[in-house]
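Chemist: Got a sequence here, can you model it:
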Amino acid sequence: MQTQEDDRLIRMEYSEIMQKSYIDYAMSVIIARALPDVRDGLKPVQRRTLYDMYELGIRYDRPYRKCARIVGDTMGKYHPHGDSSIYEALVVMAQEFKKGLPLVDGHGNFGSIEGDGAAAMRYTEARLEKITQEAYLADLDKDVVDFVPNFDETEKEPEVLPVKVPNILINGAEGIAVGMATSIPPHNFGEVIDGVIAYIKNPAINTAQMMEYIKGPDFPTGGIVTNRDELQAIYATGSGKVKVRGKVDIENGKGGKDRLIISEIPYTMIGVNIGKFFNDVFALVETKKTSDIVDISNQSSKEGIRIVLELRRGADVENLCNLLYKKTKLEDTFGVNMLSVADGKPEIMGIVPMIRHHVEFQYELATRKYSTLLAKEKEKKEIQEGLIRACDVIDLIIEILRGSKNIKEAKNCLVNGDTGAIKFRSERSKKQAARLDFTERQATAILEMRLYRLIGLEIEALLKEHDETLKKIAQYEDILANRDSMKKVIIKELRALKKEYARPRRTKIDNVAEAVYVEKKIEERDVAVLIDRFGYARTMDVALYERNKEAADSESKEIFLCKNTDRICIFTEKGQLHMLKVLDLPYGKFRDKGQPIDNVSNYDSSQETCIFLAPLCTILEQKLLFGTASGMVKLVSGREFDVSKRTTAATKLADADELIFVQALAQENGAKPLPEQQPMEREIETGIKTLVMQSQKGMFLRIEAASIPEKKKTAIGVRGIRLAEDDRLTHMYLLGQEDGLVKADYEPSEVVLNRLRIGARDTKGVKR
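Modeler: The predicted structure is shown next:
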């Protein structure tokens, strides 16, 4: 039974609980998963994977081990967040095209620069790179970093790796946390080392001075950074945009046909963006943005990137390159946001503060390392001195050992001079033994000493070893006591690493003018547009059409004359307007094959039906008459359809309604009449006086055309005919004042439209 004291409720505002929980979650993601530590430049999953490989003994000079073993061991001991994240981190650390300095030596299929994924972890193998072992994990046994419990407190893992180089700059970092993201570009190994040495020598160095050593990003994919003058501001603030473009060379081919060779690409283009680059180039050709590209092929291999663009004879190469820079990923922007975890909190830092944190970390590592080494050498010195003393009185020690009943008595005599329990051969030996005062450590070493150490050469070696120990102690004490000595040691290590692992810069840093593409001016001319009954459209010269007019008229469903710069309006029963550029249609000879309208516009003949089609130029100054199946009608100014979108709403339709009629009406009189509504009709009607509406059930209503109001295209319109509930409008006819007898398309009876009495709009009409 609960007492009143135990039965207590904690009342708290729900929003406060949510806020606290979300902050805890966000900080967990930021610190423990997404962002790198400024000291070693590694995310927790990377750090744990490398440490696990170190623990498993998968060194650079040992056989490869299955990645599945590495991933499983890491997940079981240190990183319980799923095997996919661990394997992905392992793969990225082995990919040369993503990391300026790969930390893992992968064996097997670890993916490609074109976005191919790595093979499953059960097929691939890995081991540590030599640089990783020497510069990232070398001093873990010297108590240089703190170890913390793992997730279930059954193992210990390093809080940070003792990395000797600023990995956060060398390899860069990318990560998305909660409410923040990091994006740090990779840099050249040798340049970064030079920058660190410069900071150690002059801690007051500024960004401009630092950039004399670190010129800018050095991407594994090469390329050209085009905004050198903006880099100083980026490195001072820690954020900005680096503009990168690929390297393009020109090769002279046969017959005066040049080729563009792309040998380096922007860092942002790796992966699926290479495929997108090809699609963008295809789109430029298909949309006739350029006609200079004849073919494109990807000849890339293990040796590097090689994308070849075959050009037509006489191509404007410079203008084409600028087009590729403007319209494709061949020139792109790398967003820099140098965010990392420093002193337990996320912080955006410039390049100098990042190096300052790294150097302070190096001083801390060096202090702890040489303190540990000094303690070990002092311990060794103590033992050596004890052994040297023991050699001088070895006969006495043997006598003590022979007279003792156990090790405890012998050790007590060596340390404290206690001779009471020991039998000596002479009183003199007993007096000498009483003066012994070895330390505990020395006594243990003496008792464990082997007899061969009494050989003369061994004693000389011991004395020599003791001298070396004294030198090391003096050296370590000097390093710990003198900052300048510690600087020299750190700089010496950095220079040794640079000498072995530095390689030439791959990315060129320059100031390049922005690419300016001059679009070739289209020569405007009159063309004839022909569309056959299958929806294939083509254009030709007007004179060519006139010479073949009879054949063209018989073979084509739609023919109209317009400018080649014009657009064609396609109205569908769903109330949509699709715009088609005349330039997108093939231009050529009379018997050339056309292009389906579906392929060059958003119109899909399998989903929609075209009910009216006309060039934009012919309807701009006209009014369009709209009629729907529910009997709604309206007039709309043609100007409303001069839009830039490829697809837009032509009119507003009520639910379950559809458009059945669209026709352009001219403002003047005197044109010939339209006997009946025809699909895809193109003629503009003038002199229209009346309008006849015909329903599915044979209701006819003739009204004055002037009674139809003009509306916006976004309006539904007004009711033209009042239909029965189960009836719908099927036809609309336009009649002029001077029309002859016009008959309706209606079975079984014959209806002469001109003889119908003119009624009022929004009435039922008459039955025929």
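
Chemist: Any stretches of the chain with poor pLDDT?
Modeler: 1-7, 22-32, 453-454, 456-457, 666-686, 738, 740 (pLDDT under 70).

Chemist: Just want the most central residue of it.
Modeler: Nearest to the mean C-alpha position of the chain, counting by C-alpha atoms, centre = their mean, stands residue 268 at 6.7 Å.

Chemist: I figured that one hits residue 244, correct?
Modeler: Yes. Using C-beta atoms under 8 Å, residue 268 is in contact with residue 244, at 6.9 Å. Just so you know, the C-beta spots here come from the backbone N, C-alpha and C atoms, and that holds for glycine as well.

Chemist: Give me the nearest residue to residue 259, chain neighbours excluded.
Modeler: Nearest non-adjacent residue to residue 259, counting by C-beta to C-beta, 6 or more residues apart in numbering: residue 251, 4.4 Å away.

Chemist: For that neighbour, give me phi and psi.
Modeler: Torsion angles at residue 251 (phi, psi; degrees, to the nearest 10) stand at phi -110, psi 140.

Chemist: Relative to residue 402, how far out is it?
Modeler: Residue 251 sits 92 Å away from residue 402, taking C-beta to C-beta, to the nearest Å as the criterion.

Chemist: list the residues that contact both of residue 268 and residue 244?
Modeler: 332-334 (C-beta atoms under 8 Å, 6 or more residues apart in numbering).

Chemist: Can you show me the CA trace of stretch 480-488 as PDB?
Modeler: C-alpha atoms of stretch 480-488 as PDB (Å, rounded to 0.1, in the frame of the first residue of the first chain):
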ATOM      1  CA  LEU A 480      58.600  19.600 -20.200                       C
ATOM      2  CA  ALA A 481      60.300  22.600 -18.600                       C
ATOM      3  CA  ASN A 482      61.100  24.500 -21.800                       C
ATOM      4  CA  ARG A 483      58.400  25.600 -24.300                       C
ATOM      5  CA  ASP A 484      60.900  26.200 -27.000                       C
ATOM      6  CA  SER A 485      62.200  22.700 -26.700                       C
ATOM      7  CA  MET A 486      58.700  21.300 -27.000                       C
ATOM      8  CA  LYS A 487      58.100  23.400 -30.100                       C
ATOM      9  CA  LYS A 488      61.200  22.000 -31.700                       C
END
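
Chemist: Which of the residues in it are classified as buried?
Modeler: Neighbour-count burial for stretch 480-488 flags 480, 485-487 (criterion: 16 or more other C-beta atoms under 10 Å).

Chemist: do stretch 487-496 as well
Modeler: Buried, per 16+ other C-beta under 10 Å, within stretch 487-496: 487, 489-491, 493-494.

Chemist: What of stretch 140-150?
Modeler: Buried-residue list, stretch 140-150, by 16+ other C-beta under 10 Å: 140, 142, 144-145, 150.

Chemist: now swap in stretch 187-207 and tell me
Modeler: Neighbour count says stretch 187-207 has 187-200, 205, 207 buried, by 16+ other C-beta under 10 Å.

Chemist: Which members of those residues occur in strands, if any?
Modeler: Mapping the buried residues of stretch 187-207 onto strands (DSSP state E) picks out no residues; all lie outside.

Chemist: Out of those, flag the one nearest to residue 598.
Modeler: residue 187 (50.5 Å; C-beta to C-beta).

Chemist: gap between the closest one and residue 502?
Modeler: Residue 187 is 12 Å from residue 502, by C-beta to C-beta.

Chemist: Off-centre distance for the lengthiest helix in the chain?
Modeler: If you go by DSSP state H, the chain has its longest helix at helix 351-392. Centroid separation for helix 351-392 versus its chain: 44 Å, with C-alpha atoms, centre = their mean, to the nearest Å.

Chemist: Skip ahead from that helix and say which helix or strand is next.
Modeler: helix 394-403 (DSSP states H and E).

Chemist: Now do the buried residues in that next one.
Modeler: So for helix 394-403, counting by 16+ other C-beta under 10 Å, buried means 394, 396-397, 399-401, 403.

Chemist: and the next element down the chain from that helix?
Modeler: For helix 394-403, the following helix or strand on the C-terminal side (DSSP H and E) is helix 407-416.

Chemist: on contacts alone, who are the packing partners of the following helix or strand past that following helix?
Modeler: Later in the chain than helix 407-416, the nearest helix or strand by DSSP H and E is helix 427-434. On a contact count with 3 or more C-beta pairs under 8 Å, 6 or more residues apart in numbering; DSSP states H and E, helix 427-434 meets helix 394-403.

Chemist: and the helix it packs on with helix 351-392, angle?
Modeler: 80 degrees (axes from the mean of the first three to the mean of the last three C-alpha atoms, to 10 degrees).

Chemist: Pull the residues that contact stretch 637-657.
Modeler: Under C-beta under 8 Å, 6+ apart, the answer for stretch 637-657 is 569, 571-572, 574-579, 601-602, 616, 619-624, 626, 628-630, 632, 634, 636, 659, 662, 664, 710, 712-717.

Chemist: can you tell me the distance between the two ends of that stretch?
Modeler: For stretch 637-657, the first-to-last residue distance is 22 Å (C-alpha to C-alpha, to the nearest Å).

Chemist: quick one: contacts for residue 373?
Modeler: So residue 373 contacts 142, 472, 476 (C-beta under 8 Å, 6+ apart).

Chemist: Among these, name the ones in strands.
Modeler: Going by DSSP E, the strands hold none of these.

Chemist: so can I have CSV of those residues showing distance to residue 171?
Modeler: Formatted as CSV, these follow (distance: C-beta to C-beta, whole Å):
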residue, distance to residue 171
142, 24
472, 34
476, 32
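
Chemist: any idea which of these is the one closest to residue 450?
Modeler: Using C-beta to C-beta, those come closest to residue 450 at residue 472, 24.5 Å.

Chemist: Touching, that closest one and residue 377? I think so.
Modeler: Yes. Using C-beta under 8 Å, residue 472 makes contact with residue 377 at a distance of 4.9 Å.

Chemist: Between these two, which is the more surrounded one?
Modeler: residue 377 (22 against 18; other C-beta atoms under 10 Å).

Chemist: Hmm, residue 474 and the more buried one touching each other?
Modeler: No. Assessed by C-beta under 8 Å, residue 377 is found out of contact with residue 474, at 9.7 Å.

Chemist: measure stretch 208-215 end to end?
Modeler: First-to-last residue span, stretch 208-215, C-alpha to C-alpha: 10 Å.

Chemist: got the buried residues for that stretch?
Modeler: In stretch 208-215, counting by 16+ other C-beta under 10 Å, buried: 210-211, 213-215.

Chemist: Having no further points to raise, I will conclude here.
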